[in-house]
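Undergrad: Requesting a structural model of the entry that follows:
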Amino acid sequence: MTIDRFEHSLMIPCYDTDASKLLKPASFMNYAQEAANLHASVLGFGYEDMIETRAAWVLSRMHVKFLKHPGWRDNVKLCTWHKGPQGLFYIRDFRMTDEKGETLAAATTSWLVLNIDTRRIMRDVVLEEKGICRDNAIEIPCGKIRMPADAERIPAGARRAAYSDLDMNGHVNNAVYLIWAMDAVNPDITAACPLKEMEINFNHEVKSGETVSLFAAYREEEGSRACFVEGVIAASGKEPERQAFCVKLIF
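TA: Numbering: from 1, shown residues only. Model (predicted):
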């Protein structure tokens, strides 16, 4: 491990696997977020460093390609690196490999720096230009995800944010959105084959007690089944209805 790369070795535990004993996509997201936090601390802009100026990292977009899902008790290595700024975003990539060094999953993420009091983007943040690595796990950062206009938008239930959904910042953890999305997909699809690819946008934070309505849409894309899921926060008081997240899942 060097300063420009952070590597974390782990064995896949049973509670992070599904009925097929394969790693859950949301568990991969949790691993990635923790690795990002640890590496940011090494580079001098981790949680403790940022909070001094009332700033915090917020994951905005993520694109993951699963080449092969590791299973229960498999030993894997997760590597992450900071690619520097791109517009308002800071880009960070990930690669998960098996014991032979073969790639299991590749991901790219786009992060924003927010003021934790105002919840607004901090545009004047200056991070020391160290530890930047330009290698690409996925070359192009995740773009804007929208529900397809040519597919039926199907109601897929609702979730009310509660204790177990919240993270240390007091809002629903990003991985929980992916759990909700996977639960919203037709179970005949999720049972038939593992997820091959995922792109997700996190558009509005969800706080405890807020209700998120889920909607799904399906279409065929180049021999694969594409499932789109969006979560919509119900209107409350002066707050209008707003999209919490939108995800594209390819099976």
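Undergrad: residue contacts, S41?
TA: Neighbour list for S41: 47-49 [criterion: C-beta atoms under 8 Å, 6 or more residues apart in numbering]. Yep, even glycine has a C-beta here, placed from its N, CA and C like the rest.
Undergrad: wait, N186
TA: 216, 218, 227 are the contacts of N186 under C-beta under 8 Å, 6+ apart.
Undergrad: Straight-line length of stretch 196-205, end to end?
TA: 26 Å (C-alpha to C-alpha, to the nearest Å).
Undergrad: any weak-confidence spans in the chain?
TA: Residue ranges of the chain with pLDDT under 70: 1, 126-129.
Undergrad: swap the cut-off to 50 and go again
TA: Across the chain, nothing is flagged by pLDDT under 50.
Undergrad: for the stretch 151-251 of the chain, what spans make up the helices?
TA: Assigned by DSSP state H, counting those that start in this stretch, the helices in the stretch 151-251 of the chain fall at 174-184, 187-192.
Undergrad: export these to a markdown table and tack on mean neighbour count and distance to I200?
TA: Output for those, formatted as a markdown table (neighbours: other C-beta atoms under 10 Å; distance: least, C-beta to C-beta, whole Å):
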| stretch | mean neighbour count | distance to I200 |
| --- | --- | --- |
| helix 174-184 | 22 | 7 |
| helix 187-192 | 12 | 16 |
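Undergrad: of these, which approaches C14 most closely?
TA: Of all the helices of the stretch 151-251 of the chain, helix 174-184 sits nearest to C14, with 16.8 Å by C-beta to C-beta.
Undergrad: quick revisit: so which of the contacts of N186 would you say is closest to E139?
TA: Within these, proximity to E139 (C-beta to C-beta) peaks at C227, which comes in at 24.2 Å.
Undergrad: Helix, strand, or coil at A40?
TA: helix (DSSP: H, G, I helix; E, B strand; the rest coil).
Undergrad: okay, now it: neighbour count?
TA: Applying other C-beta atoms under 10 Å, we find 24 residues neighbouring A40.
Undergrad: Against A107, how distant is it?
TA: Separation of A40 from A107 (C-beta to C-beta, to the nearest Å): 16 Å.
Undergrad: tell me the contacts of the closest residue to Q86 other than its chain neighbours?
TA: The shortest distance from Q86 to any non-neighbouring residue, by C-beta to C-beta, 6 or more residues apart in numbering, is to P141 (6.6 Å). Applying C-beta under 8 Å, 6+ apart, we find P141 in contact with 61, 63, 86, 89, 91, 108, 110.
Undergrad: So how do I select the buried members of those residues in ChimeraX?
TA: Restricted to buried positions by 16 or more other C-beta atoms under 10 Å, the ChimeraX selection for the contacts of P141 reads:
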select :61,63,89,91,108,110
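Undergrad: quick one: which two of the contacts of P141 are the most distant?
TA: Farthest apart among the contacts of P141 by C-beta to C-beta are H63 and Q86. That separation is 13.7 Å.
Undergrad: Spell out, range by range, the strands that occur in the stretch 151-251 of the chain.
TA: 154-160, 197-202, 211-221, 224-233, 242-250 (DSSP state E, counting those that start in this stretch).
Undergrad: Nice, that's everything, thank you.
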